[in-house]
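Novice: Attaching a predicted model along with its sequence, questions to come.
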Amino acid sequence: MHGGHAPGPMRAAAFAGDWYPREAAALAAEVDRSLELVDLPFAQIAALISPHAGLMYAGGVAGRGYACVAEARRRGARFDVGVLVGPSHSIPFSGVAVFPHGSFDTPFGALPVDADLATRLMRASASIHADPAAHALEHSLEMQLPFLARVLPDVPIVPLLIGRQTRATADALAAAIASSLDGRRALLVASSDLSHFHDRRTATELDAVVLGHLDQFDPDGLQASLERFPHHACGGGPMVAVMRAARALGATDARVLQYADSGDVSGDVNRVVGYVSAVMGRET
């Protein structure tokens, strides 16, 4: 558990007690149940695609990716910082909003923001600006924190939200991430759910397009698909940005670990939300 927090503002855990348990012991039990490792696809893990629905719906899917991170670390992998990229669901803005310093609270303790890297990112691209208020009530990054605080409790984070998800913004963010790490080992996380509120058959067809681009490690194809069908994923921009950055940082392969939808839990297969966990990395 992370005991303290970095100097500066602390972003409160806005969805604790609702989307996931507020009590640390109950949250630990739920997260640990989801950390089921099937196999470690790559010797080095560079990036994850992870869903952001409530833990009861998407926790099992999200846990697959974070289980790979936990296993990679157990085998000696080093992670110096977590770079989290998610969509802004409620506040529209241009570019990328970073929480520049301080910490994000979790039931396991606060995760400090890497203020130095946040500053580097803002210097690297005019698209990236400090906007703590954009983060206050956004769930897309908060839903990654129970997993990060459990498997990488001593690793600082840089929280980034994309507003309007344009090709230019995704490209600028990817380039800024790739150029700003200065040799540090990052875990990149793109937070995204897939199609929303279609019947299961339609959702599966729509989501298969995104899954194909992920499995082929094809950010160009994913970007083109999202421009034709922008509602295929709520975090398409974050996915493209993280895929591009991961490739620039040396990742060579990607693999979809699990796909599911909300109907698996709710029983309602007439209006489902799709979830995917995917990992990017390289063998050596």
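Specialist: Structure received. Keep in mind that what you see is a predicted model, and the values were worked out from it rather than measured.

Novice: ranges for the strands of the chain?
Specialist: For the chain, the strands defined by DSSP state E cover 10-11, 44-50, 81-87, 96-98, 103-104, 111-112, 128-130, 157-162, 186-191, 196-198, 253-261, 272-282.

Novice: Can you check what angle separates the second one from strand 186-191?
Specialist: Computed with axes from the mean of the first three to the mean of the last three Cα atoms, to 10 degrees, the direction of strand 44-50 lies at 20 degrees from that of strand 186-191.

Novice: Could you shift the numbering so residue one becomes 45, and keep it that way?
Specialist: All right, first residue 45 from here; so that's strand 88-94.

Novice: before we move on, the earlier item: where among the strands of the chain is the average confidence lowest?
Specialist: Note on those: strand 240-242 shows the lowest mean pLDDT, a mean of 83.

Novice: Buried residues in the helix ranked longest in the chain, which are they?
Specialist: Counting residues, the longest helix found in the chain (DSSP state H) is helix 99-118. Under the neighbour-count criterion of 16 or more other Cβ atoms under 10 Å, helix 99-118 has 99, 101-117 buried. Any C-beta I mention is one placed from the backbone N, CA and C, and that applies to glycine too.

Novice: So which elements touch it?
Specialist: For helix 99-118, the elements it packs on are helix 68-78, strand 88-94, helix 189-195, strand 297-305, helix 307-310, strand 316-326, judged by 3 or more Cβ pairs under 8 Å, 6 or more residues apart in numbering; DSSP states H and E.

Novice: 10 Å instead?
Specialist: helix 68-78, strand 88-94, helix 189-195, strand 230-235, strand 297-305, helix 307-310, strand 316-326 (3 or more Cβ pairs under 10 Å, 6 or more residues apart in numbering; DSSP states H and E).

Novice: State the mean pLDDT of stretch 270-282.
Specialist: Stretch 270-282 comes out at a mean pLDDT of 83.

Novice: what distance separates that stretch from the middle of the whole chain?
Specialist: Put simply, stretch 270-282 sits 15 Å off its chain's centre (Cα atoms, centre = their mean, to the nearest Å).

Novice: List the buried residues in it.
Specialist: 270, 276-282.

Novice: Narrow those residues to those in helices?
Specialist: Short answer: the buried residues of stretch 270-282 in helices (DSSP H) are 270, 280-282.

Novice: would a markdown table of those residues with distance to residue 190 be doable?
Specialist: Below are these laid out as a markdown table (distance: Cβ to Cβ, whole Å):
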| residue | distance to residue 190 |
| --- | --- |
| 270 | 28 |
| 280 | 24 |
| 281 | 24 |
| 282 | 19 |
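
Novice: Out of the residues you listed, the closest to residue 171 would be?
Specialist: Using Cβ to Cβ, residue 281 is the member of those that lies nearest residue 171, at 11.3 Å.

Novice: mind listing what the closest residue to that closest one other than its chain neighbours touches?
Specialist: Ranked by Cβ to Cβ, 6 or more residues apart in numbering and with sequence neighbours excluded, the top spatial neighbour of residue 281 is residue 209, at 3.2 Å. Residue 209 sits next to 131-132, 267, 270-271, 274, 277-285 when contact means Cβ atoms under 10 Å, 6 or more residues apart in numbering.

Novice: one more time with 7 Å
Specialist: Counting by Cβ atoms under 7 Å, 6 or more residues apart in numbering, residue 209 touches 131, 280-281.

Novice: Just send these back as CSV, with distance to residue 242 too.
Specialist: Shown next, in CSV, are those (distance: Cβ to Cβ, whole Å):
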residue, distance to residue 242
131, 19
280, 16
281, 21
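
Novice: Tell me the spacing between the closest residue to residue 288 other than its chain neighbours and residue 68.
Specialist: Excluding the flanking residues, the one nearest residue 288 by Cβ to Cβ, 6+ apart is residue 218, at 3.5 Å. Going from residue 218 to residue 68 by Cβ to Cβ, to the nearest Å gives 35 Å.
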